[in-house]
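In: got a structure for you, letters missing:
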């Protein structure tokens, strides 16, 4: 699914990045960056309500290029600047984490499953 489609489904705003043709193959929602480190794979869309630089650093370590901040959370300027430096795409939505994941799932974006 392209980030353009994600943006529409979540009624999201783009804070960083412009290439919304970027394709994600699954989504992972968590406020625990330790879970992100343990469970995600490439081309995943990270959804989180956690607003701190560790989100960007964790995403970088896991080769995650797109993050959606949920619950109307607005990252600070230092987080935005770090995301720009790392060539990430950052969106924000007013939906909760649960609703955001559910909306994406009903539109065909599967979650990361540990098997």
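Out: Noted; the coordinates are in hand. Since this is a predicted model, take the numbers as computed values, not measurements. Numbers count the residues shown, from 1 in each chain.
In: Residue 55 - nearest residue in space that isn't next to it in sequence?
Out: Once flanking residues are discounted, residue 55 sits nearest to residue 48: 5.9 Å by CB to CB, 6 or more residues apart in numbering. In this view, the C-beta of every residue, glycine as well, is placed from N, C-alpha and C.
In: Count residues in the vicinity of that neighbour, would you?
Out: Residues contacting residue 48 under the criterion other CB atoms under 10 Å number 24.
In: before we move on, what about residue 72?
Out: Counted with other CB under 10 Å, residue 72 comes out at 12.
In: wait, isn't it in contact with residue 94?
Out: Yes. Shown here, residue 72 and residue 94 form a contact pair, counting by CB atoms under 8 Å, at 4.5 Å.
In: Can you verify residue 46 is assigned to a helix?
Out: No. Counting by DSSP: H, G, I helix; E, B strand; the rest coil, residue 46 is not found in a helix; it is strand.
In: Identify the bridge partners of it.
Out: residue 28, residue 67 (DSSP bridges).
In: Would you agree it is in contact with residue 67?
Out: Yes. Shown here, residue 46 and residue 67 form a contact pair, counting by CB under 8 Å, at 4.8 Å.
In: Surely residue 73 forms part of a helix?
Out: No. Read with three-state DSSP, residue 73 is coil and lies in no helix.
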